[in-house]
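Q: Please find the sequence and the predicted model below.
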Amino acid sequence: MNGTKQVKNKKKKRGRGIFAALAAALIIFSVGVASGKALERLAELPDYGSAVAAADAVDFVEAEIPENRFLILVNGKNKIPENYEPELTELSNGQRVDSDIYPDLQRMFDDMRAEGIYPVVGEGYRTRSEQQRMLDDKIRAFKKKGYSEKRARAMAEEWVAVPGTSEHELGLAVDINADKDNSANDEVYDWLYENAYRYGFILRYPFGKSYITGIDYEPWHYRYVGEYAEEIHKSGLCLEEWLERN
Ligand SMILES: [Zn+2]
């Protein structure tokens with residue numbers, strides 16, 4: 001090999017190196033933009049069960065109350081029966097939950113605090129009329145911005161679950177956030193993701209399952225399912241998928 005060729009080869013290699021570096025930079029940039037967008041999206045999410053597919057789901061069926069009522073399926077298509085009235089226990093901050101989930105919830109919070117993580121229940125039980133009020137408020141807000149009644153309703157239903165389709169009306173769902181003076185939300189969400197199943201709770205709207213659940217990823221929304229929590233958590237399935245298979 002003579003000198004000239006060697007130089008040429010070197011040049012070629014450097015050219016390829018630059019190309020690879022540019023490609024890598026492009027990939028890193030696009031991933032950054034994508035996750036940035038996802039985070040932005042997450043930060044914008046209201047804390048009341050934004051129903052991605054609610055506007056499409058016009059046909060409701062009344063949800064069946066299974067023998068084990070902790071496995072009831074409620075979503076954009078399965079509405080809570082009109083007469084569903086859980087017995088409630090009030091928490092120290094005024095939020096309420098189904099009395100039967102209270103002991104496990106309390107035990108979970110005690111254990112978290114023992115590990116130096118401080119959670120709060122941001123939202124527990126919500127009556128149907130409270131859910132209706134939230135939807136009405138949202139519709140009114142969109143109308144104020146100049147949208148027609150029909151359009152305002154459609155847009156509002158993308159943000160607020162239609163009354164009867166929110167798990168919060170069951171008393172079996174809790175939005176758990178950090179007590180901001182002592183913990184960060186991410187600390188709370190990470191702990192819950194790793195441990196909540198030990199107390200009968202599952203992450204109800206996992207990342208990447210919104211095409212099934214109809215609801216965007218919500219790291220704060222936990223649903224009590226009782227004894228099957230570990231099995232569901234370890235299966236990697238969302239509640240809809242797990243119920244379908246069992
Ligand atoms: Zn929630």
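A: Happy to help now that I have it. As the structure is a prediction and not an experimental result, all values here were calculated from the model. Numbers count the residues shown, from 1 in each chain.

Q: center of the protein, which residue is that?
A: The C-alpha lying nearest the average C-alpha coordinate of the chain belongs to residue 218 (Cα atoms, centre = their mean; 1.8 Å).

Q: Can you tell me the closest non-neighbouring residue to that residue?
A: In space, and not counting its chain neighbours, residue 218 is closest to residue 205: 4.4 Å by Cβ to Cβ, 6 or more residues apart in numbering. C-betas here are computed from N, CA, C, even on glycine.

Q: and that neighbour, which of the three is it?
A: coil (DSSP: H, G, I helix; E, B strand; the rest coil).

Q: so which residue of the chain comes closest to the ion?
A: Using Cβ to the ion, the closest approach of the chain to the ion is made by residue 221 at 3.7 Å.

Q: Of all the helices and strands in the chain, which has the lowest average confidence?
A: helix 3-44 (a mean of 45; mean pLDDT, DSSP states H and E).

Q: now whichever helix or strand comes after it: how far from the chain's centre is it?
A: For helix 3-44, the following helix or strand on the C-terminal side (DSSP states H and E) is strand 61-62. The chain centroid and the centroid of strand 61-62 are separated by 23 Å, computed with Cα atoms, centre = their mean, to the nearest Å.

Q: packing partners for the helix or strand following strand 61-62?
A: Downstream of strand 61-62, the next assigned helix or strand under DSSP H and E is strand 78-79. Contacts defined by 3 or more Cβ pairs under 8 Å, 6 or more residues apart in numbering; DSSP states H and E place strand 78-79 against strand 61-62.

Q: how much space between residue 119 and residue 176?
A: Distance, residue 119 to residue 176, by Cβ to Cβ, to the nearest Å: 5 Å.

Q: ah, wrong one, I meant residue 146
A: Distance from residue 146 to residue 176, by Cβ to Cβ: 37 Å.

Q: neighbour count winner among these two?
A: residue 176 (25 against 8; other Cβ atoms under 10 Å).

Q: Isn't the more buried one up against residue 120?
A: Yes. At 7.2 Å, residue 176 counts as touching residue 120 under the criterion of Cβ atoms under 8 Å.

Q: Can you tell me the closest non-neighbouring residue to residue 88?
A: Nearest to residue 88 is residue 96, by Cβ to Cβ, 6+ apart, at 4.3 Å.

Q: and that neighbour, what are its phi and psi?
A: Dihedral pair for residue 96: phi -120, psi 150, per degrees, to the nearest 10.

Q: Surely it and residue 123 touch.
A: No. Contact criterion Cβ under 8 Å: residue 96 and residue 123 do not qualify, at 10.1 Å.

Q: Break this protein down into its structural domains.
A: Following automatic domain parsing, the chain resolves into domains at 1-44, 47-245.

Q: and those domains, which one's lowest on average pLDDT?
A: Taking each of the domains of the chain in turn, the lowest mean pLDDT turns up on domain 1-44, with a mean of 45.

Q: if we can go back for a sec, give the burial count for the residue nearest to residue 88, as a bare number.
A: With other Cβ under 10 Å as criterion, residue 96 counts 17.

Q: need the contact list for it.
A: 88-90, 124-125, 171 (Cβ atoms under 8 Å, 6 or more residues apart in numbering).

Q: can you put those residues in a markdown table and add neighbour count, secondary structure and distance to the ion?
A: A markdown table is the format used below for those (neighbours: other Cβ atoms under 10 Å; DSSP: H, G, I helix; E, B strand; the rest coil; distance: Cβ to the ion, whole Å):
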| residue | neighbour count | secondary structure | distance to the ion |
| --- | --- | --- | --- |
| 88 | 15 | strand | 16 |
| 89 | 19 | strand | 18 |
| 90 | 13 | strand | 18 |
| 124 | 25 | coil | 9 |
| 125 | 22 | coil | 11 |
| 171 | 25 | coil | 12 |
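
Q: which among the residues you listed gets closest to residue 161?
A: residue 125 (14.0 Å; Cβ to Cβ).
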